[in-house]
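> My questions are about this predicted structure, shown below with the sequence.
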Amino acid sequence: MPELPEVETTVRGLTPVLANAQLTLVEPRRPDLRHPFPPDLRQRMTGATVTSLGRRAKYGLIDTDRGDTMVFHLGMSGRWRIDPGEPQTHDHLLLETAAGRRLALNDPRRFGFVDLWPTADLASYPPFLAMGPEPLGPDFTADYLTRALEGRAAPIKAMLLDQRIVAGLGNIYVCEALHMAKITPGRAGGQISRPRLVRLVEAIRAVLEAAILAGGSSLRDYVRPDGELGYFSKEWRVYGREGDRCECGAIVRRRTDSGRSTFWCATCQRS
């Protein structure tokens, strides 16, 4: 599933095409993805001018001068294609601008979705209501994490994947950040000292920033809007590397936690 860096990369790829552009065509090509397209999507978006683009957690945001925000989620296999040729079978939403640029939202598995919400009331959009702070934002600090984890016995990996604690983190980047911070994934969140949480916050930021710079990680269906592959997977320290050598020389291990693969080094991440 595309995670925060992939969505951020997508938004940055869409911005040169859509920022300040008037939409002249908004065409859903089927009634639904994971959820139905808003019934008035075409009416509310056609003729609107895009005023800004952004991201909240793993959701992309396209704001218009009509006070609407088009919220999109890429699901398991979604991606935007810029200036495609003929529409493909899985191009489920087409956009065209007054400048003649075209975009297609392609989603073979149809686990993504598109929604509309008033821009001024975006904080009350239901998926955003209980979300924690953005991991790259100013509110995500060691002090905040200390308070959020206080007294918690659940493993730190599970805590970081909880969107109520921090928004947008996924399995790949949590595994990578915990390795960089030298914290074992199974350690109780409430038992991690503040100095180590300082190191963890720094590691989370560093991993995400490096992944965004690399264009994300290409897993299965994810491709950047320009058609290029993200190459952060070439820099993975532990994720997807079961049986390989860690940088310390030990073997990278894997286990399954709540249906997700956890990759770690028992030598580097002892506590």
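Thanks, I have it.
> State the pLDDT value of residue 220.
Note for residue 220: predicted pLDDT of 45.
> by contact count, what packs against the helix or strand hosting residue 175?
Using DSSP states H and E, residue 175 falls within helix 171-181. Helices and strands touching helix 171-181, by 3 or more C-beta pairs under 8 Å, 6 or more residues apart in numbering; DSSP states H and E, are helix 156-161, helix 194-213, strand 260-265. Placement of C-beta: from N, CA and C, glycine included.
> For the last one, what is the distance to the chain centroid?
In other words, strand 260-265. Mean C-alpha position of strand 260-265 versus that of the full chain (C-alpha atoms, centre = their mean, to the nearest Å) differs by 19 Å.
> before we move on, back to that, and of the helices and strands packed on helix 171-181, who's closest to residue 124?
Nearest of the helices and strands packed on helix 171-181 to residue 124, taken as C-beta to C-beta: helix 156-161 at 24.0 Å.
> helices or strands next to the closest one in the packing?
With 3+ C-beta pairs under 8 Å, 6+ apart as the test, helix 156-161 has helix 142-149, helix 171-181 packed against it.
> The ones you listed: which one's closest to residue 85?
Closest approach to residue 85 among the helices and strands packed on helix 156-161 is made by helix 171-181 (31.6 Å; C-beta to C-beta).
> which outside residues touch the closest one?
Contacts to helix 171-181, defined as C-beta atoms under 8 Å, 6 or more residues apart in numbering, come from residues 3-5, 156-157, 160-161, 184-185, 196, 199-200, 202-204, 206-208, 211, 217, 219, 236-239, 246, 260-265, 268-269.
> gap between it and the chain center?
Mean-position distance between helix 171-181 and its chain equals 15 Å (C-alpha atoms, centre = their mean).
> Need the CA coordinates for that helix. CSV is fine.
Output of helix 171-181 as CSV, limited to C-alpha atoms (Å, rounded to 0.1, in the frame of the first residue of the first chain):
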residue,chain,number,x,y,z
ASN,A,171,4.8,-0.7,7.9
ILE,A,172,7.8,-0.1,5.7
TYR,A,173,8.9,3.2,7.3
VAL,A,174,8.2,2.1,10.9
CYS,A,175,10.5,-0.9,10.4
GLU,A,176,13.2,1.3,8.9
ALA,A,177,12.9,4.0,11.6
LEU,A,178,13.0,1.6,14.5
HIS,A,179,16.2,0.0,13.0
MET,A,180,17.8,3.4,12.6
ALA,A,181,16.9,4.3,16.2
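> buried set for it?
By neighbour count on 16 or more other C-beta atoms under 10 Å, the buried set for helix 171-181 is 171-181.
> Also compute the angle for that helix relative to strand 260-265, please.
Computed by axes from the mean of the first three to the mean of the last three C-alpha atoms, to 10 degrees, the angle separating helix 171-181 from strand 260-265 equals 20 degrees.
> let's number from 58 now, not from 1
Sounds good: first residue 58 from here, last item helix 228-238.
> ok so residue 73 is a strand residue?
No. Read with DSSP: H, G, I helix; E, B strand; the rest coil, residue 73 is helix and lies in no strand.
> what kind of secondary structure is residue 151 in?
strand.
> leaving aside the residues next to it on the chain, what's closest to residue 75?
Closest residue to residue 75 apart from its sequence neighbours, by C-beta to C-beta, 6 or more residues apart in numbering: residue 107 at 4.6 Å.
> I'd like the distance between the one you found and residue 231.
Residue 107 is 32 Å from residue 231, where distance means C-beta to C-beta, to the nearest Å.
> again, but for residue 160
31 Å.
> quick revisit: nearest to residue 137, of the helices and strands packed on helix 213-218?
That would be helix 228-238 among the helices and strands packed on helix 213-218, by C-beta to C-beta, at 20.6 Å.
> now the angle from the closest one to helix 251-270?
The directions of helix 228-238 and helix 251-270 differ by 130 degrees, with the same axes, to 10 degrees as the criterion.
> That's all I had, so thanks and see you.
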